[in-house]
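S.K.: here is my input, please return the structure:
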Amino acid sequence: MRTRRASTTGSRTVAVLVVVWLLIGLAAAAQRNYFAGSDATCAKVGTTLITIAVGPLNYVGANPKIDCSTPQPSR
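M.R.: This next block holds a predicted model:
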């Protein structure tokens, strides 16, 4: 029989793993200088976010890049 305590411990473990995963991705984005500069283009923001999301996979060869363009206003 599962107790409430076991369920809470499992939830905390998952939460800690997710936070650690994202912190590793944040470190990878910082090492690649994605936070330098002030030009916030669609591609730069997308690449930074996906780098953070893939976390430790950055250190085993993943190098995600996003190529996007925003719609141009009509005249």
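S.K.: in the protein, which helix has the most residues?
M.R.: For the chain, the helix with the greatest residue count under DSSP state H is helix 4-31.
S.K.: tell me the mean pLDDT over that one?
M.R.: Taken as a whole, helix 4-31 has a mean pLDDT of 88.
S.K.: then stretch 61-72?
M.R.: Averaged over stretch 61-72, pLDDT sits at 81.
S.K.: list the buried residues of it.
M.R.: By neighbour count with 16 or more other CB atoms under 10 Å, stretch 61-72 contains the buried residues Pro64. In short, each C-beta sits where N, CA and C put it, glycine included.
S.K.: centre of the chain to that stretch, how far?
M.R.: Counting by CA atoms, centre = their mean, to the nearest Å, stretch 61-72 is centred 14 Å from the centre of its parent chain.
S.K.: could you do stretch 35-43 as well?
M.R.: For stretch 35-43 - counting by CA atoms, centre = their mean - the centre lies 16 Å from the chain centre.
S.K.: what's the spacing between Val54 and Ser38?
M.R.: Distance, Val54 to Ser38, by CB to CB, to the nearest Å: 25 Å.
S.K.: the two: who's more crowded?
M.R.: Higher neighbour count among Val54 and Ser38: Val54, with 18 against 4, using other CB atoms under 10 Å.
S.K.: please report phi then psi for that one.
M.R.: For Val54, the backbone dihedrals (degrees, to the nearest 10) come out as phi -80, psi -10.
S.K.: quick check: pLDDT value at it.
M.R.: At Val54, pLDDT is 93.
S.K.: skip the chain neighbours and tell me the closest residue to it.
M.R.: Ala62 (5.3 Å; CB to CB, 6 or more residues apart in numbering).
S.K.: isn't the one you found right next to Ala53, touching?
M.R.: No - Ala62 is not in contact with Ala53 according to CB atoms under 8 Å; the separation is 10.4 Å.
S.K.: how close does Ala40 sit to Ala30?
M.R.: With distances taken as CB to CB, Ala40 is found 16 Å from Ala30.
S.K.: so these two - more neighbours on which side?
M.R.: Higher neighbour count among Ala40 and Ala30: Ala30, with 14 against 8, using other CB under 10 Å.
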